[in-house]
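Visitor: Here is my input; please provide its structure:
(one chain, ligands or ions: 1)
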Amino acid sequence: MSRFRLFGSGKTPPVLERCRAWARIVAQAEDEVRALPDDGLRQAVDRLRQRHQDGEDLDSLLPEMFALVREAAARTLGERPHDEQVIGGAALHLGSVIEMKTGEGKTLTATLPACLHALAGNGVHVLTANDYLVARDAAWMGPVYRMLGFTCVQITDETGPDARREAYRADIVYGTPRELAYDYLRHHLGDRDRDTIHRPYFSAIVDEADLLMLDEATTAPHISVDGDGPSDHRQLAGIADRLRPGEHYAVDKARGTVLPTEQGMAAVEDWLGAEIYNGADVDMARRLDLALQAKELYVRDRDYVVVDGAIRMIDGPTQRALTDRVLGGGLDQALDAKEGLETRPERVVMATISGFAFLGLYRRLAGMTGVVEGEVEAYRDLYGMECVRIAPHRPVRRVDHAPVLYATDKALLRAVVKTVEQQRGTGRPVLVGTVSDEVADKISRALAAQGIDHEMLTARNHDLEAAIIARAGDPGSVTVLTRMAGRGVDIRLAEPEGPGLYVLGVGPLSSRRMELHLRGRAGRGGDPGESAFFFSGEDKNIHLPKFTARMVELADTEEPLDSRGVAWSLHGRLNALSDWQAQQLAQNLRYAAVQESHRSVFYAKRDALLAHGVTMAEADELIDQALRAVVRAAPTGAAHVGGLTQELATIYAITIGREEIAAGLAGGASSKARTDLADAVVRDARAVSVRRAADLGADIADELRYRIMLSVMDRQWREHLRSLEDAASGVSLRTAAGGDPFAMYQKAATELDAKLWREIAEQFIGYWFNLVVEMPS
Ligand SMILES: Nc1ncnc2c1ncn2[C@@H]1O[C@H](COP(=O)(O)OP(=O)(O)OP(=O)(O)O)[C@@H](O)[C@H]1O
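Guide: Below you'll find the model as predicted:
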């Protein structure tokens with residue numbers, strides 16, 4: 001299968017060969033480095049920095065730099081990076097996504113390329129999944145960097161604005177993509193001189209790459225303010241409740257849409273006593289869609305939990321309940337209404353960037369993850385990055401059992417209890433992992449019914465995580481968890497010489513990768529351990545009508561379906577599911593890419609504005625653009641002379657006579673007469689503009705144009721984001737029946753983009769000509 005071509009061929013990929021060769025040279029450089037005193041290490045780094053400034057490239061400095069890092073790590077942490085880590089570090093330098101199994105020491109590996117890239121003096125960002133890991137890793141690795149004379153800082157939610165500005169000057173910055181993306185956005189909402197805190201994005205080394213580069217590629221941090229949206233969510237939730245699926249609306253789970261049918265629309269309008277469809281009240285129609293989505297697509301305790309009267313979204317990959325995760329676009333309010341909670345004020349998004357686009361800002365990007373299986377193609381397609389598997393330092397001793405299929409959920413549950421009981425009986429710690437709180441609850445009840453003591457770690461209590469995990473390696477302890485990927489979860493065995501942790505995964509899992517992550521909780525860094533995976537024929541992801549007879553027979557037992565082939569082939573469908581998810585991701589990214597392309601142009605223009613304001617020549621351009629459009633749009637004929645004159649007069653103090661306008665309107669929009677008129681209008685307005693600048697004085701005029709443009713651009717951008725979201729949410733697409741929704745979205749987005757710049761030009765000149773400036777006398 002092509003997905004595995006990198007590994008399946010049996011040949012050593014060239015990247016790995018290069019890295020191994022480097023590792024041998026690093027080893028040769030070690031003796032010399034070992035003889036140096038501490039400040040000798042720093043001086044050696046200074047010399048490398050100088051050589052880089054003098055033009056030597058990072059490739060050729062790699063062996064010496066890595067040898068220095070190795071020595072510094074040995075001196076400060078007492079941990080000398082293994083050859084595998086050196087190879088991994090080199091592969092990171094080359095921009096690969098490396099796979100290193102859990103517990104192999106990715107944290108230390110990242111310091112090697114981080115120091116190398118820091119030689120360039122542009123700052124290196126080491127990105128990881130959450131603030132806890134940021135703080136842990138920065139504190140842990142800090143001494144290595146400092147011994148080599150590099151500054152290392154962390155940015156978390158708690159870092160204030162001044163500290164952030166300072167932090168971006170450091171050689172190495174630890175942070176989450178989320179926090180750093182916020183800074184990027186803040187920067188682009190900021191004014192001249194103030195709030196400009198980041199530097200060009202040079203190099204990022206991304207830990208937990210599967211989470212941050214794939215799962216969160218389309219999650220978009222955004223900065224928003226409270227809007228004054230309407231408060232009819234509750235009424236609409238009530239209506240959504242009365243509507244019946246199939247009859248009043250159609251649910252498309254794959255697309256994430258719920259669309260009312262003709263009959264549904266009629267019922268809604270009837271109950272509201274008002275027309276809202278066919279463009280009568282687009283906003284209301286959109287909010288009703290949201291109410292239906294909240295009803296059909298979001299399941300309590302699977303997608304969100306209600307804690308202290310507030311909704312918290314559950315983060316899919318990590319199964320954490322997030323306090324600050326919002327869905328945006330009014331969905332949060334619809335969910336509040338569905339649950340009968342007080343509705344939050346709607347937020348107006350001022351700036352947003354997807355995880356994918358944010359990472360795309362870096363000139364050098366590298367990734368580290370515990371599992372690349374099934375994802376090789378995704379990294380290549382999305383990021384153009386190749387995956388490199390790094391062999392474990394100590395061989396994996398964990399025994400992975402083949403997946404076992406049970407006929408029914410009930411049979412599965414019994415088998416789980418029986419297995420837990422058996423394994424616990426041998427005195428080893430047992431970890432049962434699943435994705436949903438619902439399944440975890442069932443398992444917990446079944447265990448309790450058998451009198452088996454256990455701990456639960458779910459989205460509802462992840463604040464107790466550290467304490468629960470600390471005990472999870474005790475002999476005979478049983479832990480049920482839904483936080484599947486278990487980022488940074490390090491279950492330490494209380495008895496290292498014992499049989500090790502037994503991990504039991506219970507389907508349905510959302511992907512094969514989840515399964516591998518979960519299995520990887522056992523047997524860390526060469527520890528002993530065992531893993532198994534049970535799933536049920538009733539799993540929604542698997543449809544198997546053929547086996548019904550046999551399933552009925554086995555339904556009340558804890559016997560697995562005995563055909564191994566069946567289990568494997570169904571298990572294969574879980575892989576297919578990851579493929580499907582990858583397709584979904586690609587699909588979502590296509591939508592996001594449209595917005596990104598607008599954003600990059602917009603931000604570039606905004607940066608230019610901050611750097612040099614709006615020159616008179618640029619103002620002339622905008623005058624040309626806006627007024628020409630007005631003249632061109634006017635209807636032909638003498639009857640419209642008054643209308644056009646009036647319109648132009650509201651924009652600037654027009655001096656052109658009626659006869660000239662009448663002559664221009666005699667011809668059609670693209671006639672010579674019309675073009676002549678447009679030329680005349682533009683000349684006329686430019687002259688007024690020059691007079692205005694002279695009246696104000698050059699300095700004030702410059703400042704005024706800058707201020708106007710900044711406020712107009714920011715306001716229009718907010719509008720634009722909102723319009724794009726509306727276009728994507730499908731309300732405006734629905735009327736155009738059939739066709740490719742993405743193509744329709746693209747078309748709508750292109751029109752909106754043109755509108756954005758047209759309105760910016762129009763509003764800018766409107767204010768420039770008309771804003772009354774009060775000057776101190
Ligand atoms: N070269 C080394 N020599 C000795 N110990 C090491 C070395 N490298 C890493 N370790 C130790 O191995 C353990 C695991 O390291 P780390 O947490 O970085 O692994 P990881 O690959 O990030 O695992 P996970 O995928 O679970 O996050 C740590 O306790 C670390 O101190």
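
Visitor: helices and strands of this protein: which one has the lowest mean pLDDT?
Guide: Confidence across the helices and strands of the chain bottoms out at helix 5-8, with a mean of 36, counting by mean pLDDT, DSSP states H and E.

Visitor: isn't residue 33 right up against residue 69?
Guide: No. Contact criterion C-beta atoms under 8 Å: residue 33 and residue 69 do not qualify, at 9.6 Å. The C-beta positions use only the backbone N, C-alpha and C, and glycine is treated the same way.

Visitor: the more surrounded of these two?
Guide: Each of residue 33 and residue 69 has its neighbours counted (other C-beta atoms under 10 Å); residue 69 has more, 30 against 20.

Visitor: Can you give me the distance of that one to residue 144?
Guide: Distance, residue 69 to residue 144, by C-beta to C-beta, to the nearest Å: 7 Å.

Visitor: ok, now residue 759?
Guide: Note on residue 759: its distance to residue 144, by C-beta to C-beta, is 52 Å.

Visitor: Secondary structure element for the residue sitting furthest away from the middle of the chain, which one?
Guide: In terms of distance from the mean C-alpha position of the chain, residue 659 ranks first, at 58.6 Å (C-alpha atoms, centre = their mean). Assigned by DSSP states H and E, residue 659 falls within helix 658-665.

Visitor: Need the contact partners of that helix.
Guide: For helix 658-665, the external contacting residues (C-beta atoms under 8 Å, 6 or more residues apart in numbering) are 631, 634-638, 640-641, 644-645, 673-674, 676-678, 680.

Visitor: Can you give me the buried ones in whichever helix or strand comes after it?
Guide: Remark: after helix 658-665, the chain's next helix or strand is helix 672-696, criterion DSSP H and E. Residues of helix 672-696 classed as buried: 674-675, 677-678, 680-682, 684-686, 688-689, 692-693, 696 (neighbour count, 16 or more other C-beta atoms under 10 Å).

Visitor: Please point out which parts of whichever helix or strand comes after helix 672-696 sit buried.
Guide: Tracing the chain past helix 672-696, the next element assigned as helix or strand by DSSP H and E is helix 698-729. Under the neighbour-count criterion of 16+ other C-beta under 10 Å, helix 698-729 has 701-702, 704-706, 708-710, 712-714, 716-718, 720-721, 723-729 buried.

Visitor: Tell me which other helices or strands helix 698-729 touches.
Guide: Judged by 3 or more C-beta pairs under 8 Å, 6 or more residues apart in numbering; DSSP states H and E, helix 698-729 is in contact with helix 282-297, strand 347-352, helix 564-612, helix 672-696, helix 741-770.

Visitor: Relative to the whole chain's centre, how far out is it?
Guide: Put simply, helix 698-729 sits 25 Å off its chain's centre (C-alpha atoms, centre = their mean, to the nearest Å).

Visitor: and the angle for that helix with helix 282-297?
Guide: Using axes from the mean of the first three to the mean of the last three C-alpha atoms, to 10 degrees, the inter-axis angle of helix 698-729 relative to helix 282-297 is 50 degrees.

Visitor: Just give the nearest non-adjacent residue to the residue of the chain found nearest the ligand, would you?
Guide: Minimum separation of the chain from the ligand (C-beta to the nearest ligand atom) falls at residue 105, amounting to 2.7 Å. Nearest non-adjacent residue to residue 105, counting by C-beta to C-beta, 6 or more residues apart in numbering: residue 85, 5.8 Å away.

Visitor: Hmm, residue 110 and the one you found touching each other?
Guide: No. Using C-beta under 8 Å, residue 85 is not in contact with residue 110, being 9.5 Å away.

Visitor: quick one, which of the helices and strands packed on helix 698-729 is nearest to residue 326?
Guide: Among these, the nearest to residue 326 by C-beta to C-beta is strand 347-352 (6.9 Å).

Visitor: rewinding a little: need the helices and strands packed on helix 698-729 in TSV (columns: distance to the ligand and mean pLDDT).
Guide: Shown next, in TSV, are the helices and strands packed on helix 698-729 (distance: least, C-beta to the nearest ligand atom, whole Å; pLDDT from 0 to 100):
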stretch	distance to the ligand	mean pLDDT
helix 282-297	32	85
strand 347-352	29	74
helix 564-612	19	74
helix 672-696	60	93
helix 741-770	36	89
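
Visitor: Nearest to residue 441, out of those?
Guide: Comparing these by C-beta to C-beta, helix 282-297 comes nearest, at 21.6 Å.

Visitor: Put the alpha carbons of the closest one into PDB.
Guide: Extracted in PDB, the C-alpha atoms of helix 282-297 (Å, rounded to 0.1, in the frame of the first residue of the first chain):
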ATOM      1  CA  VAL A 282     -31.000  35.200   6.500                       C
ATOM      2  CA  ASP A 283     -29.700  35.800  10.000                       C
ATOM      3  CA  MET A 284     -32.700  34.100  11.600                       C
ATOM      4  CA  ALA A 285     -32.500  31.200   9.200                       C
ATOM      5  CA  ARG A 286     -28.900  30.800  10.000                       C
ATOM      6  CA  ARG A 287     -29.600  30.800  13.800                       C
ATOM      7  CA  LEU A 288     -32.300  28.100  13.200                       C
ATOM      8  CA  ASP A 289     -29.700  26.000  11.400                       C
ATOM      9  CA  LEU A 290     -27.400  26.400  14.400                       C
ATOM     10  CA  ALA A 291     -30.200  25.300  16.700                       C
ATOM     11  CA  LEU A 292     -30.700  22.200  14.500                       C
ATOM     12  CA  GLN A 293     -26.900  21.500  14.500                       C
ATOM     13  CA  ALA A 294     -26.800  21.800  18.200                       C
ATOM     14  CA  LYS A 295     -29.600  19.300  18.500                       C
ATOM     15  CA  GLU A 296     -28.400  16.800  16.000                       C
ATOM     16  CA  LEU A 297     -24.600  17.000  15.800                       C
END
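
Visitor: what bits of the stretch 301-450 of the chain have low per-residue confidence?
Guide: By pLDDT under 70, the weakly predicted segments of the stretch 301-450 of the chain are 315-325, 329, 347-348.

Visitor: what residues does it put near the ligand?
Guide: residue 370 (C-beta under 6 Å from any ligand atom).

Visitor: show me where the stretch 301-450 of the chain has helices.
Guide: Assigned by DSSP state H, counting those that start in this stretch, the helices in the stretch 301-450 of the chain fall at 331-338, 355-359, 376-383, 409-425, 437-449.

Visitor: so which of those helices gets nearest residue 159?
Guide: Across those, closest to residue 159 is helix 355-359 (C-beta to C-beta), at 17.7 Å.
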